[in-house]
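# Sequence and predicted structure below; questions after.
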Amino acid sequence: MTDYLTFDAADYLDSAESIAEFLAAVAEDANPNVQRRAIEVVQRARLALATNDGITSPSQTHPRPD
């Protein structure tokens, strides 16, 4: 049996621009399940981007207003 790597679109969303393009493409699909899944993918991608930028807590990605 051949082992395959798992594909995760979040691995390819490496910038705000790529995330925006991904969401624009998903918006063309009327299936709410596709849209829900896309939001999950974007969440993982944003977390990975924040982690790579040295941000370690959610409060650092969404600062609270003063």
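Ah, there it is. Residues are numbered from 1 along each chain as shown.
# what are the ranges of the helices in the chain?
Assignment of helices within the chain using DSSP state H yields the ranges 16-27, 32-52, 58-61.
# mind checking which of the ones you listed is nearest T2?
helix 32-52 (25.3 Å; Cβ to Cβ). Yep, even glycine has a C-beta here, placed from its N, CA and C like the rest.
# For the residue nearest the centre of the chain, which residues are in contact?
Nearest to the geometric centre of the chain sits V42, at 1.9 Å (Cα atoms, centre = their mean). V42 makes contact with A10, L13, I19, F22, L23, according to Cβ atoms under 8 Å, 6 or more residues apart in numbering.
# Which pLDDT value goes with it?
Per-residue pLDDT puts V42 at 96.
# ditto for D3
So, for D3, pLDDT stands at 88.
# Same check on the one 5 residues further on?
The predicted local distance difference test score for D8 is 92.
# Out of the helices of the chain, which is closest to Y4?
Comparing the helices of the chain by Cβ to Cβ, helix 32-52 comes nearest, at 18.9 Å.
# for the closest one, the distance to its chain's centre please.
Distance of helix 32-52 from its chain centroid, counting by Cα atoms, centre = their mean, to the nearest Å, is 3 Å.
# Direction-wise, compare it with helix 16-27 and give the angle.
Per axes from the mean of the first three to the mean of the last three Cα atoms, to 10 degrees, the angle that helix 32-52 makes with helix 16-27 is 170 degrees.
# Right, I'll call it a day here.
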